[in-house]
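Peer 1: Here's my sequence, what's the structure:
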Amino acid sequence: MQKVSQSTVTEFILLGFAPHTSISPLLSTFFLLFYLLILVSNSLLITFTRQDPGLHTPMYFFISVLTPLDMCYTTTTVPQMLVHMLSKKRATSFARCVAQMYIFLFFGVTGSWLFSIMSVTRYMAICHPLRYKVIMSYWVCPPHGGASARTYGVVGGRYYTFFTMHLPYCGPNEIDHYFCKVPAVLKLACADTSLNDLVDFITGFNVIVVPLSLVVIVYANIFATIMKTCSAQRQIKAFSTCGSHITVVTMFAIPCIIMYVSPGSDSLSNSGKKMALFYNIATTFLNPVIYSLRNKDVKKAFLKLMGQSRAPE
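Peer 2: Down below sits the predicted model:
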């Protein structure tokens with residue numbers, strides 16, 4: 001941490017997507033409405049999973065954990081982006097940049113490990129239904145599952161942030177992104193970052209590729225079991241049950257792997273910024289839609305909640 005004190009840069013300028021133009025208010029309004037929709041849709045899903053006893057299962061428990069995590073994940077970047085779109089100065093202090101980087105990584109890494117734990121709940125429910133409640137309630141449900149995912153989030157986020165911000169930064173201080181993203185900040189370091197790039201690649205592999213590889217292995221076993229033992233009708237039902245989780249994981253995993261693990265990825269290009277928008281904002285908006293659109297349990301919880309709210313009338 002002694003190298004941090006060698007930095008002469010006290011603040012960073014976030015360039016965002018474009019210089020201030022006449023469409024900036026319109027663009028900021030669009031992102032604000034999108035952000036509000038994220039908060040409302042995810043809050044409704046939290047309410048359904050917490051209030052309805054029929055949704056008090058291991059899978060919905062992890063959905064109720066993932067949903068507020070998604071809200072915090074987006075809140076880490078979007079409010080600041082909205083302010084910078086309308087303000088003349090887009091500066092953020094060195095300390096705030098470090099904090100934003102760590103919090104963003106914490107939620108991202110925690111989410112990736114939650115996805116792998118959620119895939120295990122699917123495996124137990126489909127392949128070992130008779131032992132599902134006993135095994136899952138002891139090994140996966142709180143405090144074990146949620147605590148283990150958060151631990152990986154703390155460790156992964158800390159390593160990523162430390163190996164980025166321990167480097168000296170002596171100018172320039174303009175980050176070609178809309179938040180303090182690791183590859184974008186590393187471009188500004190006035191030191192050799194080859195070792196840093198290697199450490200980031202290894203860390204990214206451990207906190208992104210490994211948990212998502214577990215998801216692939218688990219679902220490969222699920223599909224093999226389904227094809228061997230289930231009737232055609234049960235196969236369709238099982239595939240439908242797994243479809244929502246596979247879709248959510250895919251939307252999160254592919255952009256993250258491209259941005260953080262793929263060698264030579266140009267994270268500072270406009271396409272890189274748009275990709276970051278997708279896994280940071282779009283997926284957070286789509287997650288509650290995917291989990292509830294074709295989910296009969298969530299629809300029943302919604303109708304029940306609406307019926308209770310109308311009862312006094």
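
Peer 1: Which residues are in contact with residue 43?
Peer 2: When contacts are counted by Cβ atoms under 8 Å, 6 or more residues apart in numbering, residue 43 is found next to residue 71. For every residue, glycine as well, the C-beta is placed using N, CA and C.

Peer 1: which element is it on?
Peer 2: Assigning secondary structure by DSSP states H and E places residue 43 in helix 24-51.

Peer 1: and that helix, which residues are buried?
Peer 2: 24, 27-28, 31, 34-35, 38, 41-42, 44-46, 48-49 (16 or more other Cβ atoms under 10 Å).

Peer 1: Please enumerate the helices of the protein.
Peer 2: For the chain, the helices defined by DSSP state H occupy 24-51, 58-75, 78-86, 94-127, 132-139, 144-165, 182-186, 194-204, 210-229, 232-260, 270-277, 283-293, 296-310.

Peer 1: And those: which comes nearest residue 17?
Peer 2: Nearest of the helices of the chain to residue 17, taken as Cβ to Cβ: helix 270-277 at 6.2 Å.

Peer 1: which helices and strands sit right next to that closest one?
Peer 2: helix 232-260 (3 or more Cβ pairs under 8 Å, 6 or more residues apart in numbering; DSSP states H and E).

Peer 1: can I get the helices of the chain in TSV with distance to residue 11 and mean pLDDT?
Peer 2: Output for those, formatted as TSV (distance: least, Cβ to Cβ, whole Å; pLDDT from 0 to 100):
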stretch	distance to residue 11	mean pLDDT
helix 24-51	21	86
helix 58-75	22	85
helix 78-86	13	88
helix 94-127	6	87
helix 132-139	46	65
helix 144-165	14	81
helix 182-186	13	86
helix 194-204	22	78
helix 210-229	35	85
helix 232-260	25	77
helix 270-277	21	74
helix 283-293	28	80
helix 296-310	44	65
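
Peer 1: what's the burial count for residue 240?
Peer 2: Residue 240: 11 surrounding residues under other Cβ atoms under 10 Å.

Peer 1: What of the one 3 residues further on?
Peer 2: Other residues near residue 243 number 12, with proximity taken as other Cβ under 10 Å.

Peer 1: repeat for residue 159
Peer 2: 19.

Peer 1: I figured it was touching residue 204, is that so?
Peer 2: No: if you go by Cβ atoms under 8 Å, residue 159 and residue 204 don't touch, sitting 9.8 Å apart.

Peer 1: What are the contacting residues of stretch 243-252?
Peer 2: Outside stretch 243-252, the residues that touch it by Cβ under 8 Å, 6+ apart are 111-112, 115, 118-119, 122, 212, 215, 219, 278-279, 282-283, 286-287, 290-291, 294-295.

Peer 1: how much space between the closest residue to residue 73 other than its chain neighbours and residue 28?
Peer 2: Spatial nearest neighbour of residue 73, chain neighbours left out: residue 107 (4.0 Å); criterion: Cβ to Cβ, 6 or more residues apart in numbering. Going from residue 107 to residue 28 by Cβ to Cβ, to the nearest Å gives 23 Å.

Peer 1: again with residue 91
Peer 2: 18 Å.

Peer 1: Once you drop chain neighbours, what's closest to the residue nearest to the spatial centre of the chain?
Peer 2: By Cα atoms, centre = their mean, the chain has its centre lying nearest to residue 108, at 4.3 Å. Closest residue in space to residue 108, ignoring its immediate chain neighbours: residue 73 at 6.5 Å, by Cβ to Cβ, 6+ apart.

Peer 1: what separates residue 79 from residue 65, distance-wise?
Peer 2: Distance of residue 79 to residue 65, computed by Cβ to Cβ: 23 Å.

Peer 1: swap in residue 160?
Peer 2: Taking Cβ to Cβ, one finds residue 160 at 22 Å from residue 65.

Peer 1: Would you mind confirming that the residue nearest to residue 108 makes contact with residue 105?
Peer 2: No: Residue 73 is not in contact with residue 105 according to Cβ under 8 Å; the separation is 10.1 Å.

Peer 1: which neighbours do the two share?
Peer 2: Residues within reach of residue 73 and of residue 105 at once, by Cβ under 8 Å, 6+ apart: there are none.

Peer 1: before we move on, back to that, you'd agree the residue nearest to residue 73 is up against residue 152?
Peer 2: No: in this structure, residue 107 is not within contact of residue 152 by Cβ under 8 Å, at 11.7 Å.

Peer 1: between these two, who's got more neighbours?
Peer 2: Ranked by neighbour count (other Cβ under 10 Å), residue 107 and residue 152 place residue 107 first, with 23 against 20.
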